[in-house]
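Participant: Sharing a model that was predicted from the sequence below.
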Amino acid sequence: MQSSKHARTFSFEFFPPKTPEGMEKLRTTRKQLAQLKPKFFSVTFGAGGSTRDRTLETVLEIQSEGLNAAPHLSCVGSTHGNLREILQQYQKGGIRHIVALRGDLPSGMVDAGEFRYANELVEFIRQETGDHFQIEVAAYPEYHPQARSSQEDLLNFKRKVEAGANSAITQYFYNADAYFNFVEECATLGVTIPIVPGIMPITNFVQLARFSDACGAEIPRWIRLKLQGYGDDLVSIRAFGLDVVTALCDRLLQQGAPGLHFYTLNQAGPASTIWQRLGL
Ligand SMILES: Cc1cc2nc3c(=O)[nH]c(=O)nc-3n(C[C@H](O)[C@H](O)[C@H](O)COP(=O)(O)OP(=O)(O)OC[C@H]3O[C@@H](n4cnc5c(N)ncnc54)[C@H](O)[C@@H]3O)c2cc1C
């Protein structure tokens, strides 16, 4: 068990839209999800700074609506000067919460920049801004795809906590045992910060399989085969996906997970249906 019911944190993740139509759609999504009173809305950041301005614009808009925004910030391909400037912009905009990541170099980009790993970014944020930001970091219950071993990955996660992270959000997973095992192993290492499960609703099998292959999140065989079996029948995929993911969230919360972070892909529907079914 990680923490009491009262300390649970619920949050929703968006990506920064590329077009004015996308921004408008996100406003509608946000309005719906804001009614659920999450602790914060996070906004992703393209590695190498590709979405720098759009991430900033989106978080400032969220913040201006009286909601809490948490920009993601990835350090790969970046310099100290560059990240210092971004942190200053966030501080100026009243942002108090940040998700600190290494990121992945976009294909074709070879210069890794001045940071190698997320623990260096966490350390830099603390050096530059003290306790201004609540810092979230990424955690991988099924281990990071580049991990040399599960033990090294755990120790690397610990480095981020020692560098000053307050809490963590996991990569998505569909196997609750992997999450509870990870939390237990962290506790054995003395790492007791809240580790909030990242939840990916299932709405599209092809897209989910592509994401999962890239990020090392396993789709259990029985789920994969069921989804494959539905073919183009999106209604059945969504109905099955809602059942599976609601049951996963229910188990996670029942067994003490300290909240849930939904990867919304800028859609309100799946996350709010799961929310209602959970009776949150
Ligand atoms: C909640 C969440 C949000 C995300 N948001 C974004 C986003 O907005 N933008 C984006 O581009 N990506 C995002 N990602 C993806 C993330 O950037 C990738 O998974 C990336 O490959 C690793 O980032 P990290 O911060 O976990 O890296 P790290 O913690 O640095 O780990 C990366 C790898 O290096 C190893 N490692 C770590 N530290 C050391 C060290 N000191 N020495 C040796 N090895 C080390 C680890 O074991 C791991 O294998 C997100 C992931 C999650 C889970």
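Facilitator: Alright, I've got the coordinates.
Participant: C-alpha from now on. contacts and neighbour counts both.
Facilitator: Will do.
Participant: And the helices in this protein, which stretches?
Facilitator: Counting by DSSP state H, the chain has helices at residues 20-34, 52-64, 80-92, 118-129, 150-162, 176-188, 205-215, 221-229, 234-254, 269-278.
Participant: Just the buried residues of the fifth one, please?
Facilitator: Same thing as helix 150-162. 153-154, 156-161 (16 or more other Cα atoms under 10 Å).
Participant: contacts with the ligand among these, please.
Facilitator: Residues of the buried residues of helix 150-162 in contact with the ligand (Cα under 6 Å from any ligand atom): 153, 156.
Participant: now the buried residues of helix 150-162 in CSV, with pLDDT?
Facilitator: Formatted as CSV, the buried residues of helix 150-162 follow (pLDDT from 0 to 100):
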residue, pLDDT
D153, 98
L154, 98
N156, 98
F157, 98
K158, 98
R159, 98
K160, 98
V161, 98
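Participant: quick one: which of the buried residues of helix 150-162 is nearest to the ligand?
Facilitator: D153 (3.8 Å; Cα to the nearest ligand atom).
Participant: give the contact list for that closest one.
Facilitator: For D153, the contact set (Cα atoms under 8 Å, 6 or more residues apart in numbering) comprises 143-144, 147.
Participant: Among those, which one lies nearest to the ligand?
Facilitator: Nearest to the ligand among the contacts of D153, with distances taken as Cα to the nearest ligand atom, is A147, at 3.6 Å.
Participant: nearest residue to that closest one other than its sequence neighbours?
Facilitator: Leaving aside its sequence neighbours, A147 sits nearest to D153 (Cα to Cα, 6 or more residues apart in numbering; 5.5 Å).
Participant: still on that earlier bit, from the contacts of D153, which are also near the ligand?
Facilitator: Contacts with the ligand within those, counted by Cα under 6 Å from any ligand atom: 144, 147.
Participant: List buried residues within the contacts of D153.
Facilitator: Buried members of the contacts of D153, counted by 16+ other Cα under 10 Å: 143-144.
Participant: CSV please, covering the contacts of D153 and showing pLDDT.
Facilitator: Shown next, in CSV, are the contacts of D153 (pLDDT from 0 to 100):
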residue, pLDDT
Y143, 97
H144, 97
A147, 96
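Participant: quick one, the lowest-mean-pLDDT helix or strand in the chain and helix 234-254 angle?
Facilitator: When each helix and strand of the chain is scored by mean pLDDT, DSSP states H and E, helix 205-215 comes last, with a mean of 93. Relative orientation of helix 205-215 and helix 234-254, computed by axes from the mean of the first three to the mean of the last three Cα atoms, to 10 degrees: 50 degrees.
Participant: Would you mark the buried spots in helix 205-215?
Facilitator: 205, 208, 212.
Participant: Tell me the one of those residues nearest A112?
Facilitator: Taking Cα to Cα as the measure, A112 lies nearest S212 of those, at 24.1 Å.
Participant: That closest one against R224, yeah?
Facilitator: No. Using Cα atoms under 8 Å, S212 makes no contact with R224, being 11.1 Å away.
Participant: What is the burial count for the closest residue to I199 other than its chain neighbours?
Facilitator: Distances taken as Cα to Cα, 6+ apart put F262 closest to I199, at 4.8 Å, once the chain neighbours are dropped. Applying other Cα atoms under 10 Å, we find 24 residues neighbouring F262.
Participant: doesn't E13 make contact with F262?
Facilitator: Yes. Using Cα under 8 Å, F262 is in contact with E13, at 6.0 Å.
Participant: what is in contact with the two at once?
Facilitator: Contacts common to F262 and E13, judged by Cα under 8 Å, 6+ apart, are absent.
Participant: residue ranges with poor pLDDT in the chain?
Facilitator: Within the chain, the segments meeting pLDDT under 70 span 1-6.
Participant: Repeat the analysis, applying 90 as the threshold.
Facilitator: Residue ranges of the chain with pLDDT under 90: 1-7, 47-50, 105-113, 216.
Participant: What parts of it come near the ligand?
Facilitator: Near the ligand, when you scan the chain using Cα under 6 Å from any ligand atom, you find 44-47, 72, 74, 101-104, 117-118, 138-139, 144, 146-147, 152-153, 156, 169-171.
Participant: Could you pick out the buried ones from those residues?
Facilitator: Among the residues of the chain next to the ligand, those buried by neighbour count (16+ other Cα under 10 Å) are 44-47, 72, 74, 101-103, 117-118, 138-139, 144, 153, 156, 169-171.
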